[in-house]
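Engineer: sequence? don't have it. structure:
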């Protein structure tokens, strides 16, 4: 051991594997039937389990929950991945454990509900009862006093983040948040999500692996000497994004992984890397649409209409509208920028008055300024 990490940086202090715990979930089959089958997540979960076991983490602290798709038979003992079991682990068992580091690995189906929260479906999810874990409430629980341990956490989620309304579910997903305590100044949390808002996470059914999981497993294997300590996210994630970008260029996926860092003095998303050579950058309109739809209220047709109703009736009288959220947002932004550019800021004020999230507000402001500057209005044309 030369005292340096894979990229030449100093190695982090060694951690005691006895102080490390993990929740590892891989769901390939669902009670919803064959249409939900997803070969890969259970196999990826077992591969991740092996990495931590090889790093010295005791078997008793690796909670492996699988719903494998036959003919695959895992060669390690595992527990079921139904909703009641996983909820009990997250709410009761893990918070009572004594440990410093928590790894969470989850592979399977997911969806962004109408409030913009990521739901991770459990093995007993059915077409009429889509049981799942609310990831956002789980993250909030594990950064509060409900979980006294696990000051350092890394959550890795390989699941789709398509919008619930785009899947035409007959019934909306019911609220099912985990109980959350009071926020504290103890926990540091890194969250890696495979897909990006509104996008699917690609899976290779022939090789039975998620593309994001395959990339992460390879990168973690390269850093095996550092495990079971979580890797530096600001060193790891550019490598993740670069490899996924190569897969996008090859036409194998459309996903854009995301990373969020939460600590007592910091809550932010790492900025995306620039577009690869030869790729078209995101247009000002696309950025503005994405920034607007980052607000859950703008994806709900009733709430969206409430926002539009705050604008000057002389402006909205001719405003083009559509029932689909993305089409409606693009049409509104284009028309306002060309005919009533000042109304873009009325729209901004109406949205942030309802949801004042500072990160969304800053991005929407920058995106609208960039978009407004890019538009040639009728009176500008010669």
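Structural biologist: Thanks, I have the structure now. What you see is a predicted model; the values in this text were computed from it and never measured.
Engineer: as a whole number, average confidence for the host helix or strand of residue 329?
Structural biologist: According to DSSP states H and E, residue 329 maps onto helix 325-339. For helix 325-339, the mean pLDDT works out to 88.
Engineer: same check, this time on stretch 110-130
Structural biologist: Mean predicted lDDT for stretch 110-130 stands at 90.
Engineer: buried residues in that stretch?
Structural biologist: By neighbour count, and taking 16 or more other Cβ atoms under 10 Å as the criterion, the buried residues in stretch 110-130 are 110-125, 130. C-beta: built from backbone N, CA, C; applies to glycine.
Engineer: Just the ones of these in strands?
Structural biologist: Among these, the residues falling in strands (DSSP state E) are 110-112, 118-121.
Engineer: how about those in TSV, adding distance to residue 153?
Structural biologist: Rendered in TSV, the data for these read as follows (distance: Cβ to Cβ, whole Å):
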residue	distance to residue 153
110	19
111	23
112	22
118	16
119	20
120	16
121	22
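Engineer: Can you pick out the most distant pair from those residues?
Structural biologist: The widest separation within those, taken as Cβ to Cβ, falls between 112 and 121 and amounts to 12.4 Å.
Engineer: rewinding a little: can you state the direction angle for the helix or strand following the helix holding residue 329 and helix 325-339?
Structural biologist: Moving toward the C-terminus from helix 325-339, the first helix or strand encountered (DSSP H and E) is helix 342-354. Relative orientation of helix 342-354 versus helix 325-339 (axes from the mean of the first three to the mean of the last three Cα atoms, to 10 degrees): 140 degrees.
Engineer: tell me what helix 342-354 is packed against?
Structural biologist: helix 301-308, helix 325-339, helix 358-374 (3 or more Cβ pairs under 8 Å, 6 or more residues apart in numbering; DSSP states H and E).
Engineer: Centre of the chain to the shortest one, how far?
Structural biologist: Looking back up the chat, that one is helix 301-308. Counting by Cα atoms, centre = their mean, to the nearest Å, helix 301-308 is centred 26 Å from the centre of its parent chain.
Engineer: Same check on the longest one?
Structural biologist: Going by Cα atoms, centre = their mean, the spacing between the C-alpha centre of helix 358-374 and its chain's C-alpha centre is 22 Å.
Engineer: Just want the angle from it to helix 342-354.
Structural biologist: Here helix 358-374 runs at 170 degrees with respect to helix 342-354, directions being taken by the same axes, to 10 degrees.
Engineer: So which helix or strand of the protein has the lowest pLDDT on average?
Structural biologist: strand 266-269 (a mean of 66; mean pLDDT, DSSP states H and E).
Engineer: Can you tell me what sits against stretch 331-346?
Structural biologist: Residues outside stretch 331-346 that contact it (Cβ atoms under 8 Å, 6 or more residues apart in numbering): 285, 288-289, 292, 308, 310-312, 315, 318-322, 347, 368, 371-372, 375-378.
Engineer: Strands along the protein, start to end?
Structural biologist: With DSSP E as the definition, the chain shows strands at residue ranges 20-27, 62-67, 101-107, 110-112, 118-121, 132-134, 152-158, 188-193, 203-204, 209-210, 258-263, 266-269.
Engineer: contacting residues for residue 155?
Structural biologist: 104, 106, 135, 139, 189-192.
Engineer: burial of the nearest residue to residue 307 once chain neighbours are set aside, as a residue count?
Structural biologist: Using Cβ to Cβ, 6 or more residues apart in numbering and skipping the chain neighbours, the partner closest in space to residue 307 is residue 350 (4.7 Å). When neighbours are counted by other Cβ atoms under 10 Å, residue 350 registers 16.
Engineer: same deal with the one 5 residues further on?
Structural biologist: A count of nearby residues for residue 355, using other Cβ under 10 Å, gives 15.
Engineer: likewise residue 299?
Structural biologist: Residue 299 has 25 neighbours, counted by other Cβ under 10 Å.
Engineer: Can you name the residues that contact it?
Structural biologist: The neighbours of residue 299, taking Cβ under 8 Å, 6+ apart as the test, are 114, 116, 163, 165, 293, 325.
Engineer: just residue 372 next, same as before
Structural biologist: Shown here is residue 372, whose contacts under the criterion Cβ under 8 Å, 6+ apart are 337, 341, 344.
Engineer: which one among the residues you listed gets closest to residue 260?
Structural biologist: Top of the list for closeness to residue 260, among these and by Cβ to Cβ, is residue 344 at 28.1 Å.
Engineer: Residues contacting stretch 170-187, please?
Structural biologist: Applying Cβ under 8 Å, 6+ apart, the contact partners of stretch 170-187 are 87, 90-91, 111, 113-114, 119, 128, 130-134, 136-138, 140-147, 150-151, 153, 164, 262-264.
Engineer: any idea how far that stretch is from the chain center?
Structural biologist: Using Cα atoms, centre = their mean, the distance between the centre of stretch 170-187 and that of its chain works out at 15 Å.
Engineer: Mind checking the pLDDT average for it?
Structural biologist: Here the average pLDDT along stretch 170-187 is 85.
Engineer: Span of it from start to end?
Structural biologist: Terminal residues of stretch 170-187 lie 39 Å apart, using Cα to Cα, to the nearest Å.
Engineer: Just the buried residues of that stretch, please?
Structural biologist: When burial is assessed from 16+ other Cβ under 10 Å, stretch 170-187 yields the following buried residues: 173, 176, 178, 180, 187.
Engineer: Quick check: the gap between the nearest residue to residue 352 once chain neighbours are set aside and residue 333.
Structural biologist: Using Cβ to Cβ, 6+ apart and skipping residues adjacent in sequence, the residue nearest residue 352 is residue 361, 5.0 Å away. Going from residue 361 to residue 333 by Cβ to Cβ, to the nearest Å gives 17 Å.
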